[in-house]
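K.L.:
sequence isn't available, so here's the structure alone:
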């Protein structure tokens, strides 16, 4: 997936996966997945997708800063 946020492109094909977190089981309408990425330029974003009753019923890319990326990692290990 690719998304432009604030004139900057965030692309899951060109960024590196740092950590993936999955909540729920396959087919769970409340289940979701969050994947933390780092772009070649050193920026961070989270790719999200989930079931219809999850916090992420549609796939999306959420831009986050370095401090929030580190906090996300601490909460998902």
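P.N.:
Cool, got the structure. Since the model is a prediction, treat every value here as computed from it, not as a measurement.

K.L.:
ok, now which ones touch residue 14?
P.N.:
The contact partners of residue 14, by C-beta atoms under 8 Å, 6 or more residues apart in numbering, come to 39, 40. The way it works is simple: take the backbone N, C-alpha and C, and place the C-beta from them, glycine included.

K.L.:
residue 26 - how many residues pack around it?
P.N.:
When neighbours are counted by other C-beta atoms under 10 Å, residue 26 registers 7.

K.L.:
ugh, wrong one, residue 36
P.N.:
22.

K.L.:
residue 25 now?
P.N.:
8.

K.L.:
for the closest residue in space to it that isn't next to it in sequence, what are its contacts?
P.N.:
Closest residue to residue 25 apart from its sequence neighbours, by C-beta to C-beta, 6 or more residues apart in numbering: residue 31 at 6.2 Å. Neighbour list for residue 31: 22, 23, 24, 25, 50, 51, 54 [criterion: C-beta under 8 Å, 6+ apart].

K.L.:
again, only using 7 Å
P.N.:
By C-beta atoms under 7 Å, 6 or more residues apart in numbering, residue 31 lies in contact with 23, 24, 25, 50, 51, 54.

K.L.:
thanks again, I'm all set now.
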